[in-house]
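Chemist: Build me a model from this:
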Amino acid sequence: MVIQEIQIVEPSAHIHEKIRLCTGDSVLIAGQWYKNDTVFKISYLNAQGCDSVIILNLSINSNQQISSVSSCNPYRWDVDGQNYTQSGRYLKSFTNAQGCDSIHILDFKRLPSHLINERAEVCGPFYWNVNNTLLDQSGQYSHPLQTFEGCDSLLNLELIIHPHFIKTDTVISQTDYIWPVNNTNYSVSGNYEEQYSSEFGCDSIHRLILIIKNEQGIYYPNVLIPGGISGGFTIFDNLFTIASITTLSIYDRWGSLVWQKHNFAPNDPTLGWDGRFKGQHVVPGVYTWHSQLTLKDGTYQTVKGDLTVVK
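Modeler: Alright, predicted model coming up:
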């Protein structure tokens, strides 16, 4: 600290003094210390009893500058040419031309940017509500964002879409078929399916396309003329593999049972349906039939079809 003292010796005077100080220095004038940047006018009586005046122009030559900066990115401070990446209070001190301290202070606030990683596993298309997009393929997706302070951020999505499976078994059989998928016995050709969950928990379908080829010489007419030369409707077997017609049932178009017979021999139209219901000839039209056969090898077979009754 520099201490200056001014002695007043003139018997009567007006004195102008300019004093330059650095921060922390002070000056003693007429028994009083001064250390602020100001102008003082001091009147007093000197030792000779004369009025005297001192005008003091006191200036502080030290200086301090404070910069407050907020940034999403690293900040380059011109004072020292350095890049600052973290929030904090930084200080640099220099000596000015007057030999006093010149202090520069940086109050730096690093605003955050965010990198967000998400992962999703789904069984079908995925709706990403971040950008209102329906995604149907696995992959890496990104979407830019901004914080409320305006800093760029990035949202990454790792998407895994597990597939729905549709498996199909095509089977051609000469007899009934037991499907191992559900252990069900099928005696009629057709398309069947079972739903199941894959190893990832996704709903999937297993289909069976079943074709049962009857190569045993079994056949049946599809037209009946009541009282005609065909006699009645029955099942025929050219290879004589049928032991018995276990059941033969006739239904009208509304599904009502019109005629039914059990345990009779094939190939004999007189044993079949003669086209009557309760003793009266039925109305001409299309009727459906269903038959359960017992074969000579001890197995069973179901056959069914449509029959058109004409006049």
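Chemist: Return the distance of stretch 81-94 from the chain's centre.
Modeler: Shown here is stretch 81-94, whose average C-alpha point lies 43 Å from the average C-alpha point of the whole chain (Cα atoms, centre = their mean, to the nearest Å).
Chemist: What number of residues are in the vicinity of the closest residue to Gly272 other than its chain neighbours?
Modeler: In space, and not counting its chain neighbours, Gly272 is closest to Thr234: 3.1 Å by Cβ to Cβ, 6 or more residues apart in numbering. C-betas here are computed from N, CA, C, even on glycine. Here the count is done by other Cβ atoms under 10 Å, and Thr234 has 22 residues near it.
Chemist: do you know how far Thr234 is from Ile250?
Modeler: Applying Cβ to Cβ, to the nearest Å, the value for Thr234 to Ile250 is 11 Å.
Chemist: any shared contact partners between those two?
Modeler: Here Thr234 and Ile250 have Trp273 as joint contacts, going by Cβ atoms under 8 Å, 6 or more residues apart in numbering.
Chemist: What residues are bridge-paired with Tyr186?
Modeler: Assessed by DSSP bridges, Tyr186 has beta-bridge partners Tyr177.
Chemist: Thr168 too?
Modeler: Arg207.
Chemist: Can you give me the distance of it to Cys100?
Modeler: Looking at Thr168 against Cys100, where the rule is Cβ to Cβ, the gap reads 92 Å.
Chemist: Who has more neighbours out of these two?
Modeler: Legend: neighbour count by other Cβ under 10 Å for Thr168 and Cys100, higher for Cys100 (19 against 11).
Chemist: still on that earlier bit, tell me the confidence at the residue nearest to Gly272?
Modeler: The pLDDT attached to Thr234 in the predicted structure is 92.
Chemist: show me the contacts for it.
Modeler: Counted by Cβ under 8 Å, 6+ apart, Thr234 has contacts Tyr220, Ile245, Leu248, Pro266, Asn267, Asp268, Pro269, Leu271, Gly272, Trp273.
Chemist: Just the buried ones from these, in ChimeraX syntax?
Modeler: To isolate the buried subset of these in ChimeraX, counting by 16 or more other Cβ atoms under 10 Å, use the following:
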select :220,245,248,266,269,271,272,273
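Chemist: Need the contacts of Thr234 in CSV (columns: secondary structure).
Modeler: Compiled in CSV, those are given as follows (DSSP: H, G, I helix; E, B strand; the rest coil):
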residue, secondary structure
Tyr220, coil
Ile245, strand
Leu248, strand
Pro266, coil
Asn267, coil
Asp268, coil
Pro269, helix
Leu271, helix
Gly272, coil
Trp273, strand
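Chemist: Show me the two of the contacts of Thr234 that sit farthest apart.
Modeler: Using Cβ to Cβ, these reach their maximum pairwise distance at Asn267 and Trp273, which is 14.7 Å.
Chemist: ok, and the helix or strand in the protein with the lowest average confidence?
Modeler: One helix or strand of the chain scores below all others by mean pLDDT, DSSP states H and E: strand 3-6, with a mean of 48.
Chemist: what would the contacts of Thr234 look like in JSON lines with distance to Cys151?
Modeler: Written out in JSON lines, the entries for these read as follows (distance: Cβ to Cβ, whole Å):
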{"residue": "Tyr220", "distance to Cys151": "82"}
{"residue": "Ile245", "distance to Cys151": "85"}
{"residue": "Leu248", "distance to Cys151": "84"}
{"residue": "Pro266", "distance to Cys151": "88"}
{"residue": "Asn267", "distance to Cys151": "91"}
{"residue": "Asp268", "distance to Cys151": "94"}
{"residue": "Pro269", "distance to Cys151": "92"}
{"residue": "Leu271", "distance to Cys151": "93"}
{"residue": "Gly272", "distance to Cys151": "89"}
{"residue": "Trp273", "distance to Cys151": "87"}
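Chemist: Now distance to Lys311 and pLDDT too, for the contacts of Thr234, in CSV please.
Modeler: As requested, those are exported to CSV (distance: Cβ to Cβ, whole Å; pLDDT from 0 to 100):
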residue, distance to Lys311, pLDDT
Tyr220, 21, 85
Ile245, 27, 95
Leu248, 23, 96
Pro266, 27, 93
Asn267, 26, 90
Asp268, 24, 91
Pro269, 18, 90
Leu271, 23, 93
Gly272, 19, 93
Trp273, 16, 93
